[in-house]
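A structural model of the following input is requested.
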Amino acid sequence: TNAGLDGAVVVNKVAELSAGQGFNAATLDLALPGAGQIYNRKYWKLPIVYGGFVGCAYALNWNNKMYKDYSQAYLDIMDDDPNTKSFEDFLPLNSNISGQEERFKEIFRKRKDLYRRQRDLSIFAFIGVYLLSVIDAYVDAELSDFDISKDIGMRIEPAFFNDGKNMKSNSVGLQCSLKF
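Model prediction:
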């Protein structure tokens with residue numbers, strides 16, 4: 001009949017229109033973070049995406065500043081120039097480290113390494129937030145037309161299994177039926 005054919009044409013056109021949605025959302029999100037969420041009309045996700053970027057940027061800035069400060073302090077405590085004393089900014093007022101130079105050299109080296117590592121991890125976290133926003137935009141667009149009707153179901157019931165040779169049941173078990 002004509003009604004069945006029209007329905008098939010409509011379904012095919014919807015499938016053609018939605019086929020590129022995931023790619024479009026991911027491409028937009030790669031160009032401008034958050035644009036994929038806007039494309040998918042999931043505006044509530046924007047604060048989460050940009051909050052992640054702001055948090056990573058803050059951590060990156062903080063750890064980079066601390067790394068530079070401890071690097072300079074480490075260089076100053078390692079040299080023999082009495083005029084370079086930036087390491088004293090990290091010590092309590094009027095403290096004297098004479099006789100403990102090696103201990104403080106080790107402390108400043110370890111802290112310098114710690115903040116360098118945390119700075120590098122902040123860069124990876126920034127990249128991770130970026131990639132997660134792209135993946136989220138893609139998956140959300142692909143699942144936007146996913147069928148969640150009430151016709152989907154699962155039924156578990158007891159079943160009797162036989163070997164097919166005779167009509168006597170050989171075992172008892174559970175049968176799982178999925179309805180799409």
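
excluding chain neighbours, what is closest to the residue positioned nearest the centre of the chain?
In the chain, the residue lying closest to the centroid (C-alpha atoms, centre = their mean) is residue 132, at 4.1 Å. In this structure, residue 132 finds its nearest non-sequential neighbour in residue 52, 7.7 Å apart by C-beta to C-beta, 6 or more residues apart in numbering. Heads up, the C-betas are built off the backbone N, CA and C, glycines and all.

now name the helix or strand holding that neighbour.
Assigned by DSSP states H and E, residue 52 belongs to helix 46-78.

and the angle from the longest helix along the chain to helix 46-78?
Longest helix in the chain by number of residues (criterion: DSSP state H): helix 101-142. Angle of helix 101-142 versus helix 46-78, following axes from the mean of the first three to the mean of the last three C-alpha atoms, to 10 degrees, is 160 degrees.

average pLDDT across helix 101-142?
Average pLDDT, helix 101-142: 94.

hmm, back to that, so the residue nearest to residue 132 makes contact with residue 129?
Yes. Between residue 52 and residue 129 there is a contact at 3.9 Å, judged by C-beta atoms under 8 Å.

of those two, who's got more company?
A direct count of neighbours by other C-beta atoms under 10 Å for residue 52 and residue 129 places residue 129 higher, at 21 against 18.

residue 155 and residue 177 touch, don't they?
Yes. With contact defined as C-beta under 8 Å, residue 155 reaches residue 177; the gap is 4.6 Å.

C-terminal to the helix or strand hosting residue 25, what's the next element?
Residue 25 belongs to helix 21-31 when assigned by DSSP H and E. As assigned by DSSP H and E, the chain's next helix or strand after helix 21-31 is helix 35-39.

and that next one, what does it pack onto?
helix 21-31, helix 46-78, helix 101-142 (3 or more C-beta pairs under 8 Å, 6 or more residues apart in numbering; DSSP states H and E).

quick one: residues in contact with the first one.
In this case it means helix 21-31. Helix 21-31 is contacted by residues 35-40, 133-135, 137-142, 144 when judged by C-beta atoms under 8 Å, 6 or more residues apart in numbering.

any low-confidence regions in this protein?
1-19, 147, 151-152, 164, 166-169, 180 (pLDDT under 70).

let's see 50
Across the chain, the ranges flagged by pLDDT under 50 are 1-4, 6-15, 17.

can you give me the buried ones in stretch 141-160?
Under the neighbour-count criterion of 16 or more other C-beta atoms under 10 Å, stretch 141-160 has 141, 142 buried.

how far does that stretch sit from the chain's center?
Mean-position distance between stretch 141-160 and its chain equals 28 Å (C-alpha atoms, centre = their mean, to the nearest Å).

brilliant, that's me finished.
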